[in-house]
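Visitor: structure for this input, please:
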Amino acid sequence: MSPKIAKLKAAVESVLGSRAPRVIFSTNELIVEIRAADLTEVMTTLRDEQSLAFSQMIDASGMDYADYGDAWDGARYAVVYQLLSIQHNWRLRVRCFCTDDDFPMVDTMNEIWASANWYEREAFDLYGIVFNGHPDLRRILTDYGFVGHPFRKDFPVSGNVEMRYDPEQQRVVYQPVTIELREIVPRVIREDHYAERK
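Guide: Have a look, this model is predicted:
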């Protein structure tokens, strides 16, 4: 761990205390895991505390931890935020797990960072994570009539429906998927003495 990241880690632990139950150093980055109930308070503190001064949220994304490793027994859905402090020139990753796997929800960060708006809409669209208090939570990447959330691990690879243009009706219509499900296993052909030099 570099001295700069060690300084950030000490500052985060000092300011957040018990509100940051896990502070992890991984892949040369500092990751703070927080509880969903503390999300708004912690993020406001990270922005306003001058020793941290995370003035920008540069990214937010949903995560689906279903089938994540053999021993995963935590919550299924999380929201991961990437924060930037221009004043101190450091970055922080904040991960917040949703408490209910059947209806994943966390508070919106739109009032703290305006940049959260479209990132939260994307996480809602692709993962089905609801952001409580979001001013305009609707799909942003998929069609308005789209059924399901395509980045969830249990979403079928081929989808549920397909669209096509019907010349008789002169409009786009939805129909059940016509792609046949099959397992494709690559066949390896090895010739005798393949890479030998002559």
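Visitor: the spatially most central residue of the chain in helix, strand or coil?
Guide: Central residue of the chain (CA atoms, centre = their mean): G62, 2.2 Å from the mean position. Classification of G62 using DSSP: H, G, I helix; E, B strand; the rest coil returns strand.
Visitor: going forward, count from 25.
Guide: Okay, residue one is now 25; in that scheme the one you just asked about reads as G86.
Visitor: what residues of stretch 27-44 count as buried?
Guide: Neighbour-count burial for stretch 27-44, with 16 or more other CB atoms under 10 Å as criterion, is recorded at 29, 32-33, 35-36, 39-40, 44. (Glycine included, C-beta is placed from N, CA and C.)
Visitor: just the ones of the residues you listed in strands?
Guide: Residues of the buried residues of stretch 27-44 located in strands (DSSP state E): none.
Visitor: export these to TSV and tack on pLDDT and distance to A140?
Guide: TSV is the format used below for the buried residues of stretch 27-44 (pLDDT from 0 to 100; distance: CB to CB, whole Å):
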residue	pLDDT	distance to A140
I29	85	25
L32	87	22
K33	88	25
A35	88	23
V36	88	20
V39	89	21
L40	87	20
A44	87	20
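Visitor: the residue nearest to the centre of the chain touches F175, doesn't it?
Guide: Yes: the criterion here is CB atoms under 8 Å, and G86 meets it with F175 at 6.9 Å.
Visitor: overlap in contacts of those two?
Guide: By CB atoms under 8 Å, 6 or more residues apart in numbering, G86 and F175 have these common neighbours: 150-151.
Visitor: what about the nearest residue to P200 once chain neighbours are set aside, neighbour count?
Guide: Nearest residue to P200, sequence neighbours excluded (CB to CB, 6 or more residues apart in numbering): V185, at 6.3 Å. Counted with other CB atoms under 10 Å, the neighbours of V185 add up to 15.
Visitor: can you check S79 too?
Guide: Residues near S79, counting by other CB under 10 Å: 15.
Visitor: OK, contacts around the closest residue to it other than its chain neighbours?
Guide: Nearest residue to S79 in three dimensions, chain neighbours excluded: I110, at 5.8 Å (CB to CB, 6+ apart). Residues near I110 by CB under 8 Å, 6+ apart: 77, 79-80.
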